[in-house]
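Undergrad: with the sequence up front, the predicted model follows.
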Amino acid sequence: MTTKHNAPFKAELQSKIDTLKARRKPVCLGSIQFDSPLLLAPMSSIGTAPYRLLMEDLGAGGTVSELVSCHGINYKNIRTVQMLKIDPREKNIGLQLFGENAEAMALAAKVAEEFQPKFIDINMGCPVKKVVGTGAGSSLLKDTSTLGHFFSTIKKSIQIPLSIKIRIGWDQETINAMEVIHIAKEEGIEFVAVHGRTRAQQYTGSANWELLEHLGGKAPLDIIGNGDLHSNKLIREKMLHSNCQAFMLGRGPLRNPFLFLEPYLLPGEEDTLFFTPEDHYEILQKFVEYSRDYAHSDHTLLISIRKHLIWMAAGFNNVSIFRDQLFKTPDLNESMKISEDFFMKMQDKRKRLNDHESFMTSGHG
Ligand SMILES: Cc1cc2nc3c(=O)[nH]c(=O)nc-3n(C[C@H](O)[C@H](O)[C@H](O)COP(=O)(O)O)c2cc1C
């Protein structure tokens, strides 16, 4: 199984991947070593084991699961507990939990630890009403007086490192990321991912990188900067000049699955068509293979593959025709045939993504 994971692709694509992977430098966040400073951000209904595996194959230095409810775990809800499953081929994975109650979170963290992640992460960024209304997610940023107890109770229940993922504050008037990080440091949290928006912003405006840089330089814990890193140029720029110790990429890799690797292209290589439409088709096939082991039914498999197909096709010519064809078939094999025709027979092989175009403007963090 391990050998398979080491070389999941055909020789030509694998050699391109290996060339860029060899240029990555490991980074330590707290006591954990990651293969690169570019990590996959947690994303609900997306950051499942097959997608995390694929992203590690394609250079992510580490990954975080989608958010999992502590109450679902404690009630032994089967679907919830299945979300904790880690593939034996995954290397640097954190399981993210959400909840508002310290004791319930501590109990759930203990269960999650048995699935052998590298770390447990607490969701403190989710802006969604249903989560915030219960006092969980970004709501936790509102009353810092309870955070010490919250962190220490969870921390005491597990042996592995504990991290948090926050937003910069609840709203523009109450930006308090630095205060939260100081409390986290006191209670033994190892590192902090910060989405550079307030809860009030949801996904509007842009991530406040000025503040993220300030945190990266001055905060007492390792900081993972997150938000709007959607192009290889911007990511390379951050890797060279940022105060942050690492970066999380969420939406970007959905449309460009090579985004963990492309920042490592050299100037000459960047002008060539390094990753081709044919490469996109090959990784899609791999994703289908990984997904088969985890799908609850043919229908859920089709829905998941179709949404990834459409995201990955973004930026190529004739995407809307491709999308229409996909939606006309309820069959996965047929969908893959349509995709093969699209990716393998493309005339204009350039992918042209508009990195400033707004894309997926809701999510759980
Ligand atoms: C569809 C979607 C689902 C998300 N789910 C989660 C989640 O489960 N936990 C979390 O902490 N953040 C979640 N987020 C937030 C991302 O991790 C990230 O902070 C945000 O998208 C900004 O980064 P980006 O600009 O690279 O996408 C989600 C975002 C999206 C778009």
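TA: Perfect, I can see it now.

Undergrad: you'd agree Lys25 is in a strand?
TA: No. Residue state for Lys25 (DSSP: H, G, I helix; E, B strand; the rest coil) corresponds to coil; a strand is not indicated.

Undergrad: and it, how far is that from Phe151?
TA: Counting by C-beta to C-beta, to the nearest Å, the gap from Lys25 to Phe151 is 30 Å. No exception for glycine: its C-beta is placed from N, CA and C like everyone else's.

Undergrad: of these two, which one has the most company?
TA: Phe151 (24 against 10; other C-beta atoms under 10 Å).

Undergrad: just the mean pLDDT for the helix or strand encompassing that one, thanks.
TA: Counting by DSSP states H and E, the element that carries Phe151 is helix 147-157. Averaging pLDDT along helix 147-157 yields 98.

Undergrad: okay, that helix in PDB with CA atoms only?
TA: Only the C-alpha atoms of helix 147-157 are listed here, as PDB (Å, rounded to 0.1, in the frame of the first residue of the first chain):
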ATOM      1  CA  LEU A 147     -11.200  30.200  26.500                       C
ATOM      2  CA  GLY A 148      -8.500  29.200  29.100                       C
ATOM      3  CA  HIS A 149     -10.800  26.600  30.600                       C
ATOM      4  CA  PHE A 150     -12.000  25.500  27.200                       C
ATOM      5  CA  PHE A 151      -8.500  24.900  25.800                       C
ATOM      6  CA  SER A 152      -7.000  23.400  29.000                       C
ATOM      7  CA  THR A 153      -9.900  20.900  29.400                       C
ATOM      8  CA  ILE A 154      -9.500  19.600  25.800                       C
ATOM      9  CA  LYS A 155      -5.700  19.700  26.000                       C
ATOM     10  CA  LYS A 156      -5.700  17.500  29.200                       C
ATOM     11  CA  SER A 157      -7.800  14.800  27.500                       C
END
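
Undergrad: which residues are in contact with the strand or helix carrying Gly94?
TA: Element membership of Gly94 [criterion: DSSP H and E] is strand 93-98. With contacts defined as C-beta atoms under 8 Å, 6 or more residues apart in numbering, strand 93-98 is touched by 42, 52, 62-70, 73, 84, 86, 105, 108-109, 112, 115, 117-123, 126, 131, 136-137, 163, 165, 364.

Undergrad: just the buried subset of these, written out for PyMOL, thanks.
TA: What follows is the PyMOL syntax selecting those of the contacts of strand 93-98 that are buried according to 16 or more other C-beta atoms under 10 Å:
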select buried, resi 42+52+62+63+64+65+66+67+68+69+70+73+84+86+105+108+109+112+117+118+119+120+121+122+123+126+131+136+137+163+165+364
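
Undergrad: from the contacts of strand 93-98, which ones fall inside helices?
TA: Mapping those onto helices (DSSP state H) picks out 52, 70, 73, 105, 108-109, 112, 131.

Undergrad: need the three-state assignment for Val192.
TA: Per three-state DSSP, Val192 ends up strand.

Undergrad: which strand residues bridge it?
TA: Ile164, Ile223 (DSSP bridges).

Undergrad: wait, it sits on Arg167?
TA: No. The criterion here is C-beta atoms under 8 Å, and Val192 misses it with Arg167 at 11.2 Å.

Undergrad: let me see the contact set for the residue of the stretch 201-350 of the chain found nearest the ligand.
TA: When scored by C-beta to the nearest ligand atom, the stretch 201-350 of the chain has Gly250 as its residue closest to the ligand, at 2.9 Å. The contact partners of Gly250, by C-beta under 8 Å, 6+ apart, come to 40-43, 226, 363, 365.

Undergrad: give me the subset of these touching the ligand.
TA: Among those, proximity to the ligand is found for 41-43, 226, 363, 365 (C-beta under 6 Å from any ligand atom).

Undergrad: looking at those, which are in strands?
TA: Secondary structure from DSSP state E places Asn226 of the ones next to the ligand among the contacts of Gly250 in strands.

Undergrad: dump the ones next to the ligand among the contacts of Gly250 to JSON lines, plus pLDDT and distance to Leu266.
TA: Output for these, formatted as JSON lines (pLDDT from 0 to 100; distance: C-beta to C-beta, whole Å):
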{"residue": "Ala41", "pLDDT": "98", "distance to Leu266": "26"}
{"residue": "Pro42", "pLDDT": "98", "distance to Leu266": "31"}
{"residue": "Met43", "pLDDT": "97", "distance to Leu266": "30"}
{"residue": "Asn226", "pLDDT": "98", "distance to Leu266": "26"}
{"residue": "Gly363", "pLDDT": "78", "distance to Leu266": "33"}
{"residue": "Gly365", "pLDDT": "81", "distance to Leu266": "33"}
